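Student: Take this sequence and fold it.
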Amino acid sequence: MPRDPTRPKVCEQPLTVQRVLIGSPVNQKPPILAEFLKSLSELDVSGTLTDFAFVDDNQNPDSSAMLAAFHREGSRVFILESATGAVGTGRQDYVCDDKTHRWNEDLVWRVAEHKDRMIRFALENEYDYLFLIDSDLVLHPDTLRHLITCGRAIVSEIFWTQWQPDSPPLPQVWLQDQYTLFEHARGERISQEEAQSRTRAFLESLKTPGLYEVGGLGACTLISREALQKGVSFREVPNVSFWGEDRHFCIRAAALGLRLYVDTCYPAYHIYRESDLERVKDYREANRTEAQAPVHKAAATLLKSHGIRSEMNKILSAAKRAVERFWSFDFRDPRRDDGMELLAPDYWSEISKGLEDDLRASMQARLISRTDVLSSRLALIDSEATEALVTGRVLTHGVEQDRYFRELYDCRVLVTRPEKETRWLVRGVEFTRVPEPDLPDFMQTRVIKYEGNRLTLSMLVRNEAGRYLRRVLEHAAQYIDAAVILDDASEDDTVEVCRQALGNIPTTIVSNSKHGFHNEVELRRQQWELTVSTNPDWILVLDADEMLEDRATSAIRDLINQPFYDYYSFRLYDFWDPTHYREDPYWQAHKTYRVFLVRYQPRFKYTWQETPLHCGRLPNNVTALPGARSELRVKHFGWATPADRELKYRRYKMLDPNARYGIKQQYESILDPHPSLVEWID
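Tutor: From the prediction side, this is the model:
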């Protein structure tokens, strides 16, 4: 596919988004914090939906004020208050001067708890990545986007620090033990000269841009949801004497089978001492990115006149739809003529016969397949913006001889707009196979059914007879095939309401003799095990005050009768009265997709988030299975009356008085007399 390398790339736009939480425990001097926050505001977050979470552990009130004032358009910023008292003997001051930083055990484990709190927050809110950054770093603007493309479960961006004023700069990564910078086999004896030689070789290798496996890392680390779900943590490993929470994190990660990597393409700048502030300007100037450079004047004028987002969305839509259709076929529903409607006629005429032959051959082996665009970047090629190149990564997956397959490709799509036309046409498509590790066993032995899937409603209830339960169940009865209800020792007619509302729907109801919601994870696990004991195909987990919108009655069968996906995520809307939902900085659940619907896989080993509150309604690793987002919406009525809100407020204050598992400001906002409400539209 032709491309003129002399033509400038002038603008980029994501095709799909990853949800990223950038987190940092902050106890910092104002001048250093100012540079850190400026760095975050300059970070390229295109292709992501990025939020920020800071633990305000500052001793200086000016630093707290700076943190509270931080804002970035399109992102949410959560300020989490520091825990009262430190882990250990109590709060002690953190001291850093022009020589070094002075830590003690109490401070180390205080920071560890702050970082683990962010891990819990990222899991509960279903972020794809958690990017933990120390508050004395300045990042290259391309850092986040580049680390995501590395495709590793845990990867840090490198930075170099003079740990002592007269010492040489050293990286924040190491190979073994406490801070060993050379490889040596267990029991191997080497001379001091050999150790120094190996250390020099390792340090020199890190100066070449690339991706390297290491034994330890920290301070600027991107952690994927896969790693979070496996149980990575900064808490102390009690039988290890190594100092520092990052070492305990790395040891635990390795024990969980997670490999650690450092990227050296976009080194960060470490403001280890206030004297290092003098070179921040030089660092920024040296790393000024093309995205920050002036946009080509003619292209900028054209895009501004058409509306930049609208125009770019047209380009991306043309490429996305063509790519998704390329290898997507179903032997029961052959490719329709409009599958390639966005391909330019002359290009299509050249490749159609060969493509059709390929499809016919593939159909004999692969009965059903789907192609999803995972990520993409757009480059305008000419100054008049009539030609563009979309590059990205594509996942083709499906069923081959009743076994799941998955193949990853890099793709290039040339898109043009003919003279006097408004639509964009695809002139060429190229795919290059990207090697991937072998699929895990549970993916190769997935249980799938193309049709005839049965849907089981799973619900946990307690004292719901006079609230929304009857309405919720009568609505669900229109589209479910069975129901499993766990009654948490109700003291009213909840069980009878369940039986009446579900009518002839096959229903399993189990009542506990003792109330157990003080430890929610045990109840949720019991609810799950009770449900899977009925051998369901699909499980829809709703609470007693939640219901899917009306169009679910006709749409949900299409979601479950397919072999590609094992879970679906929906958006949940918190209703504040019968016709309005709440929307403000602390009430934005409807902007997040959460898993409600899962296909039960008997061979998959499910795990739970082991917290007594906010543990999640489903096992926390279901997203390791293939899944998708659905535009079906969930209506949540649990906050819809003043009495509801008062009851929940008192419950959270009782169960989580220090906001360890939630956000204190959100708890306090529950009783806001003048909330921001938005009308629900079907």
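Student: Give me the domain ranges for the chain.
Tutor: 18-292, 297-437, 455-679 (automatic domain parsing).
Student: closest to residue 445 out of these?
Tutor: Of all the domains of the chain, domain 455-679 sits nearest to residue 445, with 5.1 Å by C-beta to C-beta. All C-beta atoms are positioned from the backbone trio N, CA, C, and that covers glycine.
Student: hang on, isn't residue 18 packed against residue 126?
Tutor: No. Between residue 18 and residue 126 there is no contact under C-beta atoms under 8 Å: 11.6 Å.
Student: Of the two, give the one with the bigger neighbour count.
Tutor: residue 18 (20 against 16; other C-beta atoms under 10 Å).
Student: How confident is the prediction for the more buried one, by pLDDT?
Tutor: You'll see residue 18 listed with a pLDDT of 77.
Student: quick one, what contacts the most centrally placed residue in the chain?
Tutor: Nearest residue to the geometric centre of the chain (C-alpha atoms, centre = their mean): residue 128, 1.3 Å. Listed by C-beta atoms under 8 Å, 6 or more residues apart in numbering, the contact set of residue 128 reads 18-20, 224-225.
Student: neighbour-wise, which of those leads?
Tutor: residue 20 (26 neighbours).
Student: tell me the phi and psi of that one?
Tutor: According to degrees, to the nearest 10, the main-chain angles of residue 20 amount to phi -120, psi 140.
Student: what's the answer for residue 563, then?
Tutor: Dihedral angles (degrees, to the nearest 10) for residue 563: phi -100, psi 0.
Student: Near it, how many other residues are there?
Tutor: The local packing of residue 563 (other C-beta under 10 Å) involves 23 other residues.
Student: for it, what are its contacts?
Tutor: 368, 398-399, 404, 448-450.
Student: Max pairwise distance over those residues: which two?
Tutor: Within the contacts of residue 563 (distances taken as C-beta to C-beta), the two that end up farthest apart are 398 and 449, at 14.3 Å.
Student: which of these two has more neighbours?
Tutor: It is residue 398, of residue 398 and residue 449, that has more neighbours when counted by other C-beta under 10 Å, with 24 against 14.
Student: Looks to me like the more buried one is in a strand.
Tutor: Yes. Under DSSP: H, G, I helix; E, B strand; the rest coil, residue 398 falls within a strand.
Student: Bridging across strands, which residues link to it?
Tutor: When bridges are assigned using DSSP bridges, the partners listed for residue 398 are residue 369, residue 405.
Student: ok, back up a step: so what does the residue nearest to the centre of the chain have for phi and psi?
Tutor: The phi/psi pair for residue 128 (degrees, to the nearest 10) reads phi -80, psi -30.
Student: same check, this time on residue 678
Tutor: Here is the backbone geometry of residue 678 (degrees, to the nearest 10): phi -130, psi 140.
Student: Around it, how many other residues sit close by?
Tutor: Residues lying near residue 678 (other C-beta under 10 Å) number 13.
Student: wait, residue 663 sits on residue 78?
Tutor: Yes. Residue 663 lies in contact with residue 78 (C-beta under 8 Å); the separation is 6.1 Å.
Student: who has more neighbours, these two?
Tutor: Shown here are residue 663 and residue 78; by other C-beta under 10 Å, residue 78 has more neighbours (19 against 16).
Student: Does that one lie in a helix or a strand, and which?
Tutor: strand 77-81 (DSSP states H and E).
Student: With residue 38 instead?
Tutor: Element membership for residue 38, per DSSP H and E: helix 30-42.
Student: Quick one: name whatever helix or strand follows that helix.
Tutor: Counting by DSSP H and E, the element after helix 30-42 in chain order, helix or strand, is strand 48-56.
Student: List the neighbouring strands of that next one plus their orientation.
Tutor: Looking at strand 48-56 with DSSP bridges, its partner strands are strand 18-26 (parallel), strand 77-81 (parallel).
Student: OK, contacts around the spatially closest residue to residue 617 that is not a sequence neighbour?
Tutor: Leaving aside its chain neighbours, residue 617 sits nearest to residue 541 (4.8 Å; criterion: C-beta to C-beta, 6 or more residues apart in numbering). By C-beta under 8 Å, 6+ apart, the residues touching residue 541 are 458-459, 527, 596-598, 617-618.
Student: Next one: residue 541, what pLDDT does it get?
Tutor: Note on residue 541: pLDDT of 97.
Student: same thing with residue 387?
Tutor: pLDDT for residue 387: 81.
Student: Can you get me a residue count around it?
Tutor: Residue 387: 20 neighbours (other C-beta under 10 Å).
Student: again with the one 4 residues further on
Tutor: For residue 391, the tally of surrounding residues (other C-beta under 10 Å) stands at 16.
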